[in-house]
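Peer 1: Got a predicted structure here, sequence first:
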Amino acid sequence: MTGSSIKYLTKEGFRNIWTNRMMSVASIAVLMSCLVLIGSAAMMFLNIDSLLARIEEENVVMVFIDDTATEQEVSALEGEISDLGNIKDIEFVAKEDAWAQQLETMEEAQAEFFKEQSSDIPLPDAYKVTIENLDYFDDTVEGIKNLNHIDTIRENRELAQKLVSIRQGISVIAIVIIAVLFAISLFIISNTIRLTVYNRKLEISIMKSVGATNNFVRFPFVIEGMILGVLSGAIGLLLVWGLYELIVSRFNTLLESLNLSAVGFAGYALPMLGIFVLIGVICGVGGSIVTMNKYLNKEGSEISNV
């Protein structure tokens, strides 16, 4: 096709949207509804993932240092732990600070009793270590145990394993739900476009009768599907954003009482828009191509038999 033909067919694609605006609105509404479901599911899983990340941050490993270690050895130990890798954060906890915090949790009489019993602090210095990836929790803990001047390690292996299992399960569920919704979107938009093609079969038959190629007939529908996909993606994003902010505002008091906060939508708006537009274009263009190929093959055989 020449440049002038492409320009003409592109204009036809825009014109067809307005001419068949009822079917266009139906196509946008169907695809937009599926995108809203996908977006809502994605934001739900992002919030669950954020909650799991906060729980993981609380699942720290306390590394208690041998009392025989010198200040230089204690200081060097921090670098040795960091060099193991998979360490998100490491914080030194002086035994004086830890003992003071321990006394604050006791009743006044009990705290005075412990102070009078001994002037020595019964706790060792320690490092509070936050592990980056819990998939390698065991390997990281084992590496810390093999370092010098380590007295004991306090860790919650079972919680780490449960968090890893929950995260993997949520990831699988999210992929399955999004894949199913995507397949439903493609199926519904294909059937909607099939209705559009059926309503315009006379126009297509005339174009084929006067010698129009399949690509010439198909191109306006592809442009139409692309436009419908972009519009569906943009509108779908706005609806998900508004719905999400409404739900967050309704449950904001409850979240604050639980010391929780919802994931901000603004940070995901642009990536989600790109994904929505991509899904919309794939569904719109893919549905147009599949439907038109079936119809053009059938129409071509019918015309050739006339």
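Peer 2: Perfect, I can see it now.

Peer 1: and the nearest residue to Glu132 once chain neighbours are set aside, helix, strand or coil?
Peer 2: In space, and not counting its chain neighbours, Glu132 is closest to Lys88: 4.1 Å by CB to CB, 6 or more residues apart in numbering. C-beta here means a position set from N, CA and C on the backbone, and glycine is covered the same way. Three-state assignment for Lys88 (DSSP: H, G, I helix; E, B strand; the rest coil): strand.

Peer 1: how close does Lys88 sit to Gln168?
Peer 2: As defined by CB to CB, to the nearest Å, Lys88 lies at a distance of 19 Å from Gln168.

Peer 1: What of Glu132?
Peer 2: 17 Å.

Peer 1: repeat for Val277
Peer 2: 30 Å.

Peer 1: So between these two, which is more surrounded?
Peer 2: Each of Val277 and Gln168 has its neighbours counted (other CB atoms under 10 Å); Val277 has more, 20 against 11.

Peer 1: And that one, its phi and psi?
Peer 2: Dihedral pair for Val277: phi -60, psi -40, per degrees, to the nearest 10.

Peer 1: That one touches Gly229, doesn't it?
Peer 2: Yes - with contact defined as CB atoms under 8 Å, Val277 reaches Gly229; the gap is 6.8 Å.

Peer 1: which residue ranges form the helices in the stretch 201-306 of the chain?
Peer 2: 201-209, 214-250, 252-257, 266-304 (DSSP state H, counting those that start in this stretch).

Peer 1: of all these, which lies closest to Ile178?
Peer 2: The stretch from the helices of the stretch 201-306 of the chain with the least distance to Ile178 (CB to CB) is helix 266-304; that distance is 9.4 Å.

Peer 1: Tell me which helix or strand in the protein has the weakest average pLDDT.
Peer 2: helix 108-117 (a mean of 60; mean pLDDT, DSSP states H and E).

Peer 1: For the very next helix or strand once past that helix, which residues meet the burial criterion?
Peer 2: For helix 108-117, the following helix or strand on the C-terminal side (DSSP states H and E) is strand 126-131. For strand 126-131, burial by neighbour count (16 or more other CB atoms under 10 Å) applies to Ala126, Tyr127, Val129, Ile131.

Peer 1: now swap in stretch 26-35 and tell me
Peer 2: Ser27, Ile28, Val30, Leu31, Met32, Ser33, Cys34, Leu35.

Peer 1: Mind checking which of those land in helices?
Peer 2: Ser27, Ile28, Val30, Leu31, Met32, Ser33, Cys34, Leu35 (DSSP state H).

Peer 1: out of these, which one sits closest to Val172?
Peer 2: Cys34 (20.6 Å).

Peer 1: sorry, back to before: go through the ones in helices among the buried residues of stretch 26-35 and say which is closest to Val263.
Peer 2: Leu35 (18.8 Å).

Peer 1: residue contacts, that closest one?
Peer 2: Contact analysis of Leu35 by CB atoms under 8 Å, 6 or more residues apart in numbering lists Ser185, Ser232, Gly233, Gly236, Leu237, Val240, Phe276, Ile279, Gly280.
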